[in-house]
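*Asks:* Okay, sequence plus prediction incoming.
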Amino acid sequence: MHSVDSVRHTDRLWEAAADLRAAIDDLKFLRLLGDGSLPLDAFRTYIEQDELYLAGYAKALSILASKAPDATTAAFWATSAAGAVEEATLHHSLLSSEVLPSHGSPAEHSSACLGYVSYLIATAATEPYAVAAAAVLPCFWIYADVAVRLSGAAREVLLADPEHPYARWVSTYDSEEFRTVVDRARRLVDEAAALATEAERESMIRSFVSATRYELMFWDTALHPTPWPVSL
């Protein structure tokens, strides 16, 4: 085991993705989501893709749980996988309601969504536990970080319309309960780094950055979709 210094390894991960995080903060999609002016069809696209993403994310978390170093850690990742499934169910309820306009056809993974879930599942299945844990962390941490900044605008929207779906979505992630979960995920990744080799710790940085790239692409394509090539 290497000697632990005063800087948490998750702080190093966060700093390595600083430029990507700044780009996420500047996304038009998130600005419009926060102030409630995002077009309804774009929000539906986001919710459809997030439902598909959560199914894949749950698989990655389940694989990660199977590789965890102890039962308590495994239970956290397994519980998070169950939470992702529950969240996807809530998304489905919203999509089945009359709140959002129907697209008229079943949703299929966008290139960003398919790339993201494929990356996470492959990393969880083939990489060391510590590297896989770092890869799943952005979905916890960046969501919470974004929600803090959007929450002010969301509160104003909720005051004007208590049932506004965008503001209700933001408030779900800007909660003490969710921040507690994020803190626990960070601690587990720090613990994994403490037991990892130097090469694995470098790979943890790369996997965190790769997942953050997908976070950026995932949100952006909800407003700026990249169509799949048309089949012949």
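*Replies:* Cool, got the structure.
*Asks:* any idea which element residue 228 lies in?
*Replies:* Residue 228 is part of no helix or strand, with elements assigned from DSSP states H and E.
*Asks:* ok, and the closest non-adjacent residue to it?
*Replies:* Spatial nearest neighbour of residue 228, chain neighbours left out: residue 111 (6.6 Å); criterion: Cβ to Cβ, 6 or more residues apart in numbering. (Glycine included, C-beta is placed from N, CA and C.)
*Asks:* and the residue nearest to the spatial centre of the chain, how far is that from residue 116?
*Replies:* With distances taken as Cα atoms, centre = their mean, the chain has residue 139 as the residue nearest its mean C-alpha position (2.4 Å). In this structure, residue 139 lies at 9 Å from residue 116, with Cβ to Cβ, to the nearest Å as the measure.
*Asks:* quick one: low-confidence parts of this structure?
*Replies:* Counting by pLDDT under 70, the chain has low-confidence residues at 1-5, 95, 103-104, 168, 171-173, 231-232.
*Asks:* Give me the helices and strands touching the lengthiest helix in it, please.
*Replies:* With secondary structure taken from DSSP state H, the chain has its longest helix at helix 129-160. Judged by 3 or more Cβ pairs under 8 Å, 6 or more residues apart in numbering; DSSP states H and E, helix 129-160 is in contact with helix 9-16, helix 18-25, helix 28-35, helix 40-66, helix 111-126, helix 165-173, helix 176-195, helix 198-223.
*Asks:* Pull out the buried residues from that helix.
*Replies:* Residues of helix 129-160 classed as buried: 129-142, 144-147, 150-151, 153-154, 157-158 (neighbour count, 16 or more other Cβ atoms under 10 Å).
*Asks:* Likewise for stretch 101-116?
*Replies:* Taking 16+ other Cβ under 10 Å as the basis for neighbour counts, the residues of stretch 101-116 that come out buried are 109-110, 112-116.
*Asks:* what's the closest of these to residue 6?
*Replies:* Among the buried residues of stretch 101-116, residue 116 lies closest to residue 6 (Cβ to Cβ), at 32.9 Å.
*Asks:* Sounds good, over and out.
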